[in-house]
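# Give me a model of this one.
(one chain, ligands or ions: 1)
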Amino acid sequence: MKLVYTRRYNIGFFGVERFHPFDSRKYGRAWRALGREVGRARNRAWVGVPRPASLTELATVHTSDYLKRLEDPRVLARVLELPFVRRLPAWAVWRFVLRPMRWAVAGSLVAAREALAGGVAMNLSGGYHHAKPGSGEGFCVFNDVAYLVHSLRAESRLGPDDRVAYIDTDAHQGNGVCHAFRDDRRVFVYDAFNPRIYPAYDRDARDRIDCPVPLPADCTGAEYLRLLESTLPGFLDSIARTGRVGLAVYNAGTDVFAGDALGRLNLAAEDVLARDLYVIDQLRTRGVPVVMLPSGGYSRESYRLVANTAVALLNRYASGPSVTS
Ligand SMILES: [Zn+2]
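This is a model prediction of the structure:
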């Protein structure tokens with residue numbers, strides 16, 4: 001198990017947390033919680049990020065027109081759901097919000113390489129599953145899932161015929177990932193989501209899901225885990241039957257938690273942990289490498305939920321030598 005983190009993930013921006021339920025410093029909070037609980041194991045598992053993803057690199061998965069439009073603060077205000085951003089100079093938004101996100105995108109690729117080398121890796125940021133090739137939304141500007149899959153193929157770490165299992169348990173449907181891989185049938189999408197919240201409008205995205213698991217209103221932990229256990233093993237077995245699954249990307253939003261401002265589901269902290277361990281165990285017993293991304297989480301407890309899973313994974317999966325790339 002490897003843990004990818006840099007302090008540059010943390011967004012510090014004129015009190016952004018007062019305008020959006022997003023905890024913009026949750027990555028650092030999770031990192032420090034891990035230090036308090038399992039400091040030595042955390043440091044052994046730690047892998048840093050050398051530099052942020054460049055715009056040239058991001059252009060492999062986003063249209064140049066979209067990247068150009070991001071220079072307009074009004075476009076950024078809409079994507080980030082922060083109306084006050086439209087009155088700020090673009091350079092400030094780039095430095096304080098988009099630059100941390102570019103570090104996170106790079107970190108997701110670092111973590112994916114580590115997963116391929118050692119079996120399990122977790123990035124402490126990333127999981128921007130609403131960003132589409134030609135537009136951003138839902139606080140997601142750059143799609144790190146599309147970026148890591150594209151990059152691993154370009155580096156020949158994933159073969160041209162290797163399959164990718166994308167498993168999304170964030171409360172919101174991962175519409176950006178569906179659009180990014182709309183015509184790429186080597187990527188298989190499993191998505192358990194609350195169908196009554198954003199992005200419910202996006203029917204095209206939902207049609208792309210190979211195994212959709214729409215959750216009932218106020219879904220409890222017991223219901224959630226029952227649905228997961230009755231659908232995920234069959235999904236994984238069916239995609240492995242006719243081809244090699246080279247990698248799984250696990251987009252593990254903690255906004256399924258009962259205290260979350262946006263997810264509107266009803267899982268306790270121990271249910272979130274049980275969910276994460278179940279997904280990762282299902283993949284590891286099948287020999288599939290897995291990279292985990294924390295994705296959305298909009299409560300004061302989000303950082304703690306991410307740290308809980310990281311502690312359990314550090315205890316369960318030993319840390320081998322790191323990739324040098
Ligand atoms: Zn979410």
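
# where's the helix or strand bottoming out on mean pLDDT in the chain relative to the chain centroid, distance-wise?
Ranked by mean pLDDT, DSSP states H and E, the weakest helix or strand in the chain is helix 90-93, scoring a mean of 85. Taking C-alpha atoms, centre = their mean, to the nearest Å, one finds helix 90-93 lying 24 Å from the centre of the chain it belongs to.

# how near is the residue of the chain found nearest the ion to Ala269?
Per C-beta to the ion, Gly296 is where the chain lies closest to the ion, at 2.8 Å. Yep, even glycine has a C-beta here, placed from its N, CA and C like the rest. Gly296 sits 16 Å away from Ala269, going by C-beta to C-beta, to the nearest Å.

# Among the two, which residue is more densely surrounded?
It is Gly296, of Gly296 and Ala269, that has more neighbours when counted by other C-beta atoms under 10 Å, with 26 against 16.

# Would you check that that one makes contact with Gln173?
No. Gly296 lies out of contact with Gln173 (C-beta atoms under 8 Å); the separation is 11.3 Å.

# ok, which stretches of the stretch 51-200 of the chain are helices?
55-58, 64-69, 73-80, 90-93, 99-118, 144-154, 175-180 (DSSP state H, counting those that start in this stretch).

# circling back to that earlier point, quick one: contacts for the residue of the chain closest to the ion?
127, 139, 170-172, 253-255, 262-263 (C-beta atoms under 8 Å, 6 or more residues apart in numbering).

# now, which of those lie close to the ion?
Near the ion, taking C-beta under 5 Å from the ion as the test, the members of these found are 170-172, 253, 255.

# ok, of those, which one's closest to Glu223?
Ala171 (13.9 Å; C-beta to C-beta).

# quick revisit: list the contacts of the least confident helix or strand of the chain.
71-73, 76, 80, 85.

# With only the CA atoms kept, save it in PDB.
The C-alpha trace of helix 90-93 is given here as PDB (Å, rounded to 0.1, in the frame of the first residue of the first chain):
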ATOM      1  CA  ALA A  90      -7.900  34.900 -13.200                       C
ATOM      2  CA  TRP A  91      -4.300  34.600 -12.000                       C
ATOM      3  CA  ALA A  92      -5.500  34.400  -8.400                       C
ATOM      4  CA  VAL A  93      -7.900  31.600  -9.100                       C
END
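
# list the buried ones in it?
Buried residues in helix 90-93, counted by 16 or more other C-beta atoms under 10 Å: 90, 93.

# Need the contacts of Gly296 in JSON lines (columns: pLDDT, neighbour count and distance to Val110).
Shown next, in JSON lines, are the contacts of Gly296 (pLDDT from 0 to 100; neighbours: other C-beta atoms under 10 Å; distance: C-beta to C-beta, whole Å):
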{"residue": "Gly127", "pLDDT": "98", "neighbour count": "27", "distance to Val110": "14"}
{"residue": "Phe139", "pLDDT": "91", "neighbour count": "19", "distance to Val110": "22"}
{"residue": "Asp170", "pLDDT": "98", "neighbour count": "25", "distance to Val110": "21"}
{"residue": "Ala171", "pLDDT": "98", "neighbour count": "27", "distance to Val110": "26"}
{"residue": "His172", "pLDDT": "98", "neighbour count": "24", "distance to Val110": "25"}
{"residue": "Gly253", "pLDDT": "97", "neighbour count": "27", "distance to Val110": "20"}
{"residue": "Thr254", "pLDDT": "97", "neighbour count": "31", "distance to Val110": "21"}
{"residue": "Asp255", "pLDDT": "96", "neighbour count": "27", "distance to Val110": "24"}
{"residue": "Leu262", "pLDDT": "92", "neighbour count": "20", "distance to Val110": "28"}
{"residue": "Gly263", "pLDDT": "94", "neighbour count": "26", "distance to Val110": "28"}
